[in-house]
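K.L.:
fold the stuff below for me.
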Amino acid sequence: MPVEIAKAMILAAGRGTRMRSLTDELPKPLITVGGKTLIDRIADKIAAFGIKDCVVNLCYLGDLIRSDLSARTDLRFAYSVEETALETGGGVKKALPLLGNDPFFVINADPLWTEKSPALNRMARAFDPETTDILLLLWPMERVFGHDGKGDYFLENGAPRRKRPDEPAAPYVYAGAQILHPRIFENAPDGRFSLNILYDAAQRSGRLKAVVGDGDWYHVGTPEALELARKAVAEQPA
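P.N.:
Take a look at the predicted model:
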């Protein structure tokens, strides 16, 4: 049966080097689109889901992120500070004492998406801890903007399969949001590592699932992609 999810984590420790000079003195999560920071847009989605407790990992210019989020009263923030960035897997593993023993959301601080039905709600309904260790939010490549990749996943019989090196493209991109069960970290390495190794382990065991987004997804990874996202947001109805 689906499980209630009471906590979320926002990954905000990265340097954002592809943004060039824009992140020399400002962490990427504090870049604004439509007058609102990227991390505040993610926090809005978490709060709209109904979660009250949110963990944020910090490294590069983390005090600025902490200061920005201190203005919010709809979420209680706890912070996991990394002396050096631990990548996605290492960052989540370090924060596990703050996240508890139940499944939780982990969302990158920088994606921006529109939706017809809230993606987090659909993800929570689809996550069955009896059959699932990891559930990914995927997005169809034809509705992805500002992303120069060739896709990450196929869906085969409803289950995600990562694109192999010999395959030129895949129809879905990983959209930067997921639900993780903490048991996946029992045999995970210490220190810096990518969550990709845990995705692949869950795929091999048949316990990797996915939900597909139903709006438009913007990868705000470069100055050019940022301008595309800003233009798209400005053109949306209020």
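K.L.:
regarding stretch 30-45, how distant is the last residue from the first?
P.N.:
16 Å (C-alpha to C-alpha, to the nearest Å).
K.L.:
wait, stretch 93-106
P.N.:
End to end - C-alpha to C-alpha - stretch 93-106 spans 11 Å.
K.L.:
gap between stretch 140-160 and the chain center?
P.N.:
What separates the centre of stretch 140-160 from the centre of its chain is 15 Å, taken as C-alpha atoms, centre = their mean, to the nearest Å.
K.L.:
show me what counts as buried in it.
P.N.:
For stretch 140-160, a neighbour-count test (16 or more other C-beta atoms under 10 Å) marks P140, M141, V144, F145, G146, H147, G151, D152, Y153, F154, P160 as buried. Where C-beta positions appear, they are placed from N, C-alpha and C, glycine not excepted.
K.L.:
over to stretch 98-111?
P.N.:
Across stretch 98-111, burial judged by 16+ other C-beta under 10 Å covers L98, L99, P103, F104, F105, V106, I107, N108, A109, D110, P111.
K.L.:
per-residue pLDDT of the nearest residue to E224 once chain neighbours are set aside, please?
P.N.:
For E224, ignoring the flanking residues on the chain, the nearest one in space by C-beta to C-beta, 6 or more residues apart in numbering is G146 at 7.3 Å. Looking at G146, its pLDDT stands at 88.
K.L.:
quick check: phi and psi at the residue nearest to L198 when sequence neighbours are not counted.
P.N.:
With sequence-adjacent residues excluded and distances taken as C-beta to C-beta, 6+ apart, L198 is closest to I184, at 5.0 Å. Main-chain dihedrals, I184, degrees, to the nearest 10: phi -70, psi -20.
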